[in-house]
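Q: Test case, fold it:
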Amino acid sequence: MTRDRKKKPDRRPSAPTPAPPRAALLVASLLLALGGVALSVALARLHARAHAGLSSFCAINDVVNCDRVALSRFSTFLGLPVALWGALGYGLAAVLAARALAHARRGVTAARGLLFAVAAVAVAASAALAVVSELAIGAWCLLCMASWATAAGLLATAWRACPSGPAAAVAADVAVLRARPARTAALALVALVAVVGARAAYARYAATVPRAPAASAGARAPGPISPAPVAAGGVVVEFSDYECPFCARAHEQLATLRAARPDLEIVRRHFPLDAACNPALARSIHPSACALARAAICAEAQGRFAEMDDALFRNQQAREPASRLAARLGLDVAAFEACLASPATEARLARDVEDGMRAGVRATPSYVVGGKVYAGELPPGLLAAPAAPAPPPRAAER
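A: Residues are numbered from 1 along each chain as shown. Prediction:
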């Protein structure tokens, strides 16, 4: 007889269940991308308004100041505001997230690799801009930081939305693009049209922004400000900094003031926001401002202050060496360079800084008129006609 053997249960592992489509993460990615578009558009508007001389809500002080960031040479890239590049990048991320979400409903994981790649580029750009804000500009923008946080969140959700990992997802999406060169070329053309359209839209908006009548750094001196015209023969003392973008704007407006009020005496004093020569600062905001102030003093020694003054403010973007500017202006370069290292030049600059501190100057540009300090803007009524002198007292009738 054969003995019946009991069948043992089948212990072979069951087939793995397919990974969930992770649609919730894609929805979060879409919302973050749309939020990034909104922030970038707001930053682009702020950029245009700052260049028109208008102050924003986040120009809080010298360190937390969106306007200073927008007016720096780092606020544009390839002729476009960085904020516009951000809007285009977040827009692309939103399209990819929506595409990935549509595929997820059919159980397909396409477009997630490209979404991760765009988010990674956004985070890398954010990190670079953060370094520039700290080391080169010396100011931070609240809206920029919100955009950087959005990019970090987008990268996290895009990473988690890749079931097989981001590397495999990117490789799969790149393979699809290579397999369809005609479609890839069409998408590249669409991207180029988007860049051109964004440039045109920004130019149209910037043309509609009204220009501010006076420079404003978002700060005002305490105490009452009289709107009355400044009397004829008055003196306006300006404390300025050659790396300060607001000072460059104010420099242009002072030309208008000189034409409108030739009766006023306008005196320039140096107040670099650079701890190397300004003991009022714990850290340098404009790390080359002391050297540039010395260049202006040394040009003045050769009778060419006005020319060097204009050249230094125009040089904020190009940042050419002062000695090259001196040569271009026809100065004696050897005497100019010797003057830069002279203790007399250092003493002259120290006197300007000390006078500014004694007057209560805390920011640039600042104006001292009639013993009052006006920070960030020219005093109201300065462009008005000079106040008429009081009539002499009449002799008493006998």
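
Q: which intervals of the stretch 51-200 of the chain have sub-threshold pLDDT?
A: 53 (pLDDT under 70).

Q: Can you show me the helices along it?
A: 66-70, 82-104, 112-132, 142-160, 166-179, 181-208 (DSSP state H, counting those that start in this stretch).

Q: Out of the ones you listed, indicate the one that is most buried.
A: helix 66-70 (a mean of 27; mean count of other C-beta atoms under 10 Å). All C-beta atoms are positioned from the backbone trio N, CA, C, and that covers glycine.

Q: who's in contact with it?
A: 43, 46-47, 50-51, 55-56, 58-59, 62, 75, 81, 133, 137-144, 217-218, 245-246 (C-beta atoms under 8 Å, 6 or more residues apart in numbering).

Q: same thing with stretch 341-348?
A: Taking C-beta under 8 Å, 6+ apart as the rule, stretch 341-348 contacts 277, 294, 297-298, 339.

Q: okay, Ala215: pLDDT?
A: As predicted, Ala215 sits at a pLDDT of 34.

Q: right, I mislabeled it, should have said Leu382
A: 63.

Q: let's have the chain start at 121 instead
A: I'll keep to 121 as the first residue from here, and by that count the last item is Leu502.

Q: So which bits of stretch 402-417 are buried?
A: Within stretch 402-417, the residues scored as buried using 16 or more other C-beta atoms under 10 Å are 404-417.

Q: go on, stretch 148-165?
A: 148-157, 159-165.

Q: Going by residue numbers, what spans are strands in the protein?
A: 196-197, 200-201, 355-360, 385-390, 486-489, 492-495 (DSSP state E).

Q: care to break the chain down by domain?
A: The record's domain parsing of the chain by automatic domain parsing lists 143-328, 355-495.

Q: Point out where the stretch 371-518 of the chain drops to low pLDDT.
A: For the stretch 371-518 of the chain (pLDDT under 70), the answer is 499-518.

Q: Identify the residue nearest the geometric centre of the protein.
A: In the chain, the centroid-proximal residue (C-alpha atoms, centre = their mean) is Val189; its distance is 2.1 Å.

Q: Ignoring the adjacent residues along the chain, who's closest to that residue?
A: Excluding the flanking residues, the one nearest Val189 by C-beta to C-beta, 6 or more residues apart in numbering is Cys261, at 4.2 Å.

Q: Relative to Pro201, how far out is that neighbour?
A: Going from Cys261 to Pro201 by C-beta to C-beta, to the nearest Å gives 12 Å.

Q: For the two, indicate the residue with more neighbours.
A: Cys261 (27 against 24; other C-beta atoms under 10 Å).

Q: what residues are up against that one?
A: 163, 178, 185-186, 189-190, 253.

Q: any idea which of these is closest to Glu372?
A: Using C-beta to C-beta, Ala190 comes nearest to Glu372 of the contacts of Cys261, at 17.3 Å.

Q: Val315 contacts Gly199, doesn't it?
A: No. Contact criterion C-beta atoms under 8 Å: Val315 and Gly199 do not qualify, at 10.1 Å.

Q: Now for the nearest residue to Ala164 once chain neighbours are set aside: which residues touch it?
A: Leaving aside its sequence neighbours, Ala164 sits nearest to Ala203 (C-beta to C-beta, 6+ apart; 4.1 Å). Neighbouring residues of Ala203 by C-beta under 8 Å, 6+ apart: 160-161, 163-164, 166-167, 195.

Q: hmm, back to that, out of the helices of the stretch 171-320 of the chain, the one nearest Met477 is which?
A: helix 186-190 (21.5 Å).

Q: Measure how far that closest one is from the centre of its chain, please.
A: 4 Å (C-alpha atoms, centre = their mean, to the nearest Å).

Q: isn't Glu358 right up against Val489?
A: No. Using C-beta under 8 Å, Glu358 makes no contact with Val489, being 9.7 Å away.

Q: who has more neighbours, these two?
A: Glu358 (23 against 18).

Q: rewinding a little: which one of the helices of the stretch 171-320 of the chain lies nearest to Leu374?
A: When those are compared for distance to Leu374 using C-beta to C-beta, the nearest one is helix 186-190, at 19.3 Å.

Q: now could you export just the CA positions of the closest one as CSV?
A: Extracted in CSV, the C-alpha atoms of helix 186-190 (Å, rounded to 0.1, in the frame of the first residue of the first chain):
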residue,chain,number,x,y,z
CYS,A,186,14.3,93.1,-1.4
ASP,A,187,15.0,96.4,-3.3
ARG,A,188,18.7,96.2,-2.7
VAL,A,189,18.7,92.6,-4.1
ALA,A,190,16.6,93.7,-7.1
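
Q: Could you count how many residues lie near Gln422?
A: 17.

Q: related to what we said a few turns ago, can you redo the helices of the stretch 171-320 of the chain as CSV with distance to Leu469?
A: Shown next, in CSV, are the helices of the stretch 171-320 of the chain (distance: least, C-beta to C-beta, whole Å):
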stretch, distance to Leu469
helix 186-190, 23
helix 202-224, 34
helix 232-252, 28
helix 262-280, 33
helix 286-299, 54
helix 301-328, 37
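
Q: Go through those and name the closest to Gly480.
A: It's helix 186-190; of those, that one is closest to Gly480 (C-beta to C-beta) at 21.4 Å.

Q: Can you tell me the number of residues neighbouring Phe425?
A: 15.

Q: mind listing what it touches?
A: Here Phe425 is in contact with 388, 416, 419 (C-beta under 8 Å, 6+ apart).

Q: what do you get if the cut-off is 10 Å, keeping everything else the same?
A: Shown in contact with Phe425 (C-beta atoms under 10 Å, 6 or more residues apart in numbering): 388, 416-419.
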